[in-house]
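Student: Need coordinates for the below:
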Amino acid sequence: TWDERLCQRHSLCVKNGNTCSDLGMCICEVVDEYAVGIGPTATCIPAENMNFITPALKAFVYFLIALVLVVAVGCFGWIYWYRNNLLVQVAQPNCLGLIILGCIVSTTTIIPMGYETEYRDSPDIIGADVACMAVPWLWGLGFTICFSSLFAKVWRVKQLFKAAAQFRRVKVDNKSIVVVMGSMLLVESVILIAFQAVSPQIWEREVLDDIDGYAIESEGGCTSENGWWFWLALILFHVVSLFYAMVLCFQTKNIPSDFAESSHIFLAVMFLFQIMILAVPVSVMVMDDPVVLYFVRAFAVFLQNFSVLCIMFGPKMYRIHTGEDTNATVKASIQSTRPKNSVSGVSSSGDFKGSVRRFSIDSNKESSAKYKSSSIVSPTSDSSDMEKAKEDSSKASSKVSRITTTIKQETQRLENVLKHRREKILLIHNN
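Tutor: A predicted model of the protein is given here:
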């Protein structure tokens with residue numbers, strides 16, 4: 001045919017060591033090449049390199065996902081098994097469960113991160129577009145559920161101990177915690193809904209290199225015209241929330257860790273903060289390489305969730321499984337949280353009693369000295385002076401007796417007040 005003749009005489013097919021077919025198309029000898037053109041334009045070009053994520057990397061990332069899920073399920077089972085332990089009870093099991101749930105949701109973000117396809121005409125392009133928007137939704141909601149639980153734990157303890165320090169009763173029930181968590185979820189949801197409605201992410205593939213208009217290398221990824229503004233809003237909201245949580249941890253640093261866990265929460269928040277601060281700029285720097293970008297983002301999500309689970313549950317598990325009497329330890333912590341009983345300058349009822357006794361002794365000494373001084377009279381003193389001295393001494397003794405009785409009554413009253421306030425503090429802890 002003429003096409004075959006033109007292919008043999010004028011195309012690059014034969015010059016590159018290939019042969020022409022009867023239809024004038026090039027028959028490629030190299031497996032990784034395919035034929036394009038016909039007649040004088042017939043040639044073989046390399047197969048398109050779409051820069052898909054390698055199977056080995058995906059297998060490693062899925063192993064990380066499985067590791068987090070196994071640890072999370074183990075933590076759920078541990079909470080249920082030791083639900084009657086006082087250490088678990090004061091750690092607020094509801095919040096611990098929500099922390100685990102948030103870590104699970106956030107970890108599943110890695111799955112849609114690895115979803116890939118070819119061009120916009122691919123049959124699974126809708127799935128790719130859904131996966132693109134599933135990433136911010138799963139990451140944002142998972143992070144907020146986990147972090148708001150950490151925040152609610154330290155916020156609740158701060159409110160209780162603040163009220164106890166002011167000797168007033170306050171009840172911070174689950175409804176108050178739900179309000180705090182719901183407020184954070186509302187802000188997160190508003191940003192995500194605006195993201196979804198205004199400028200959602202879609203799958204796009206960009207050609208990096210071509211031969212005569214035929215792509216030989218390309219890369220795909222999720223793109224959005226104004227998506228970076230919404231990503232920035234999400235990150236800023238998370239950073240501000242993490243910073244305020246660290247402030248609360250600092251304010252509750254003196255509260256026993258059996259109640260506040262401020263040191264553990266502070267470490268968890270610091271890990272979240274540092275990973276976010278490092279992962280964002282690194283992701284921007286490697287954005288041109290989709291494989292490296294996938295690994296950085298997936299590993300950052302893994303570190304966030306795995307570190308939170310280890311920090312929040314590791315110390316508790318260690319204390320219980322090493323045989324520590326955590327019930328006695330927590331009870332001792334409750335006793336240590338009682339106030340110093342400082343009322344009107346008297347540090348305690350014992351000190352107040354000592355002051356009463358010292359006052360009574362000093363007053364008696366004073367009256368005795370006065371009596372003695374009044375009793376020492378000259379032989380020439382008349383009987384009227386003696387009677388007057390005895391009368392003054394009797395009045396002084398009566399006055400001292402009345403003062404001593406009043407002080408004892410006031411001491412008893414203050415002891416009853418302090419006892420009542422201690423009971424209120426313990427009642428607040430139990431609630």
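Student: end to end, how far does stretch 35-52 reach?
Tutor: 22 Å (Cα to Cα, to the nearest Å).
Student: who touches that stretch?
Tutor: Stretch 35-52 has contacts (Cβ atoms under 8 Å, 6 or more residues apart in numbering) with 2-3, 6-7, 9-13, 16, 18, 20, 23-30, 32-34, 116, 118, 205, 211-212, 214-220, 290-291. Any C-beta I mention is one placed from the backbone N, CA and C, and that applies to glycine too.
Student: Tell me the gap between it and the middle of its chain.
Tutor: 53 Å (Cα atoms, centre = their mean, to the nearest Å).
Student: ok, now stretch 183-194?
Tutor: For stretch 183-194, the distance to the chain centre is 18 Å (Cα atoms, centre = their mean).
Student: give me the low-pLDDT residue ranges for the protein?
Tutor: Filtered on pLDDT under 70, the chain yields the residue ranges 1, 156-174, 176, 252-262, 324-386, 389-390, 422-431.
Student: for the most centrally placed residue in it, what are its contacts?
Tutor: Nearest to the mean C-alpha position of the chain, counting by Cα atoms, centre = their mean, stands Phe147 at 3.6 Å. Residues near Phe147 by Cβ under 8 Å, 6+ apart: Gly102, Met184, His238, Ser241, Leu242, Ala245, Val269, Leu272.
Student: Closest one of those residues to His321?
Tutor: Distance to His321, by Cβ to Cβ, is smallest for Gly102 among the contacts of Phe147, at 24.8 Å.
Student: what's the nearest residue to that closest one if we skip its chain neighbours?
Tutor: Spatial nearest neighbour of Gly102, excluding adjacent residues (Cβ to Cβ, 6 or more residues apart in numbering): Cys146 at 2.8 Å.
Student: Asp209 and Glu33: what is the separation?
Tutor: 15 Å (Cβ to Cβ, to the nearest Å).
Student: the more surrounded of these two?
Tutor: Legend: neighbour count by other Cβ atoms under 10 Å for Asp209 and Glu33, higher for Glu33 (17 against 12).
Student: related to what we said a few turns ago, what about the residue nearest to Gly102, which SS state?
Tutor: Using DSSP: H, G, I helix; E, B strand; the rest coil, the structure places Cys146 in helix.
Student: isn't there a helix covering Val207?
Tutor: No: if the criterion is three-state DSSP, then Val207 is strand and not within a helix.
Student: Just list whatever residues bridge to Cys26.
Tutor: Cys26 has these beta-bridge partners by DSSP bridges: Cys20.
Student: So which residues of the stretch 201-350 of the chain form helices?
Tutor: 227-251, 257-260, 262-285, 290-321, 326-336, 349-375 (DSSP state H, counting those that start in this stretch).
Student: Can you tell me which helices and strands the third one packs against?
Tutor: Using 3 or more Cβ pairs under 8 Å, 6 or more residues apart in numbering; DSSP states H and E as the contact criterion, the neighbours of helix 262-285 among helices and strands are helix 125-165, helix 227-251, helix 290-321.
Student: Which residues belonging to the last one are considered buried?
Tutor: Counting neighbours by 16 or more other Cβ atoms under 10 Å, one finds that the buried residues in helix 290-321 are 290, 293-313, 315-316, 319-320.
Student: just to revisit the earlier point, out of the contacts of stretch 35-52, which end up buried?
Tutor: Buried subset of those (neighbour count, 16+ other Cβ under 10 Å): 3, 6-7, 11-13, 18, 20, 24-26, 28, 33, 116, 118, 205, 215, 218-220, 290.
Student: Surely Asn219 and Pro290 touch.
Tutor: Check again: residue 219 is Glu, not Asn. Yes: judged on Cβ atoms under 8 Å, Glu219 makes contact with Pro290 at a distance of 5.2 Å.
Student: Tell me the one among the contacts of Phe147 nearest to Glu410.
Tutor: Checking these against Glu410 with Cβ to Cβ, the nearest one is Ala245 at 45.6 Å.
Student: Just to check, that closest one is in contact with Val154?
Tutor: Yes: counting by Cβ under 8 Å, Val154 is a contact partner of Ala245 at 6.9 Å.
Student: Overlap in contacts, the two.
Tutor: Ile265.
Student: Which of the residues in the helix or strand hosting Val178 are classified as buried?
Tutor: For Val178, the host element (DSSP states H and E) is helix 174-198. Using 16+ other Cβ under 10 Å as the test for burial, helix 174-198 gives Ile177, Val180, Met181, Met184, Leu185, Glu188, Ile191, Leu192, Phe195.
Student: Which elements pack onto that helix?
Tutor: Judged by 3+ Cβ pairs under 8 Å, 6+ apart, helix 174-198 is in contact with helix 93-107, helix 125-165, helix 227-251.
Student: Show me the one of the ones you listed that comes nearest Glu387.
Tutor: Among the helices and strands packed on helix 174-198, the nearest to Glu387 by Cβ to Cβ is helix 125-165 (58.5 Å).
Student: what's the distance between the closest one and the middle of its chain?
Tutor: With Cα atoms, centre = their mean, you get 8 Å for helix 125-165.
Student: returning to that earlier point: quick one, which of the helices and strands packed on helix 174-198 is nearest to Lys388?
Tutor: Closest to Lys388 of the helices and strands packed on helix 174-198 is helix 125-165 (Cβ to Cβ; 55.7 Å).
Student: Trp78: neighbouring residues, count only.
Tutor: 17.
Student: from memory it sits against Met317, does it?
Tutor: Yes: using Cβ under 8 Å, Trp78 makes contact with Met317 at a distance of 6.4 Å.
Student: Show the contacting residues for Val130.
Tutor: Pro112 are the contacts of Val130 under Cβ under 8 Å, 6+ apart.
Student: what about 10 Å?
Tutor: By Cβ atoms under 10 Å, 6 or more residues apart in numbering, the residues touching Val130 are Pro112, Tyr115, Pro200, Ile202, Trp203.
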